Every structure is written in structure tokens, then in C-alpha cells.
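Student: Requesting a structural model of the entry that follows:
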Amino acid sequence: MKNKKSQAQNGLGAVAVLILLVVLAGLAAALVRLGSSSAASSALDITAARALQAANAGTQWGLFQALRGSWTTCAGTSQTLDLSNQLGMRVTVSCSSSLYNEGEVSEGTARTVRIYTIDAVACNSNACPDNSRAASPGYVERRKQVQASDS
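Tutor: Numbering: from 1, shown residues only. Got it, this is the predicted structure:
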């Protein structure tokens, strides 16, 4: 009789070990999935930071072109900067401007001020903004807009 009881207990231990192995395998699979999604998320964060830096560089370049360079009137001017070697980004920089009267230079003579609007869109595609890739995974786009006056 002792022999039959000992065999029943051995079977129960095997079932417990099997359940424990299944639970541990499930936890291992969850950890692997969490680790891979975390790595992908970190890579996307780094790409987004690069896109922001590229957009900042685009606005600075556009301001220089508007205030000191060849875009003095900024009549809908646009240019794409290729920063793919440095940051993996392209930046489309556009400029528009408006004239405003602000005060007087002398009595009866209006003082004219030109306001420049520089818009920079940086993305990790061939053209920015890229509406065809906007919903795809891995696409990153950042936009920065600044205004400045010539006075």
C-alpha cells in the first residue's frame, strides 16, 4: 500500500513541475517582448531628438538667409537641406514675409517693418513633410516655426 501512495505523490510532483515550467516560459516570453519594444521605443526617441535638432538648424539657417543672405524679401522661398549624412534627416525650410507700418520715422512718414516667418520641417524621408509615410511606423517629423523682424 505504501508503494501505491508513493507513486501518486510522484505523479503530483511532475504535474507541479510542468505547471511551473509553463508559467516561467510565459514570463520569459513577456520579458523578451517588453525588451524588444523598449529598444524600438528608445531608437524612435533618438530619431525624434535628431529631427528636432534638424528643425532647429533649419530655422537658424532660414533666419540667416532672410536677414543676411539671399532671401531678403522671402517671397514664398523654399529650400531643402540634406542632413542625411549627419543626422539622417532632410529639412524643408520655407520663408514668407509681410510688411507692417510701425510708428513714424518722421512726422507723416510711416516706418515700415518686415516680419519674416521661417518654417522648418525635418523628417527621416526623402521629402518633408511626407504625407504618404505619416502613418507608417518609424517615420518621424518635427516642425519648428520662428518669426523675426528686420528692425
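
Student: So the residue most central in space within the chain: helix, strand or coil?
Tutor: Nearest residue to the geometric centre of the chain (C-alpha atoms, centre = their mean): residue 48, 2.8 Å. Here residue 48 is recorded as helix under DSSP: H, G, I helix; E, B strand; the rest coil.

Student: and the gap between it and residue 123?
Tutor: 11 Å (C-beta to C-beta, to the nearest Å). For every residue, glycine as well, the C-beta is placed using N, CA and C.

Student: which residues do the two both contact?
Tutor: 140, 142 (C-beta atoms under 8 Å, 6 or more residues apart in numbering).

Student: Show me what the lowest-mean-pLDDT helix or strand in the chain is packed up against.
Tutor: Lowest mean confidence among the helices and strands of the chain (mean pLDDT, DSSP states H and E): helix 2-67, at a mean of 79. On a contact count with 3 or more C-beta pairs under 8 Å, 6 or more residues apart in numbering; DSSP states H and E, helix 2-67 meets strand 77-83, strand 89-106, strand 109-123, strand 141-149.
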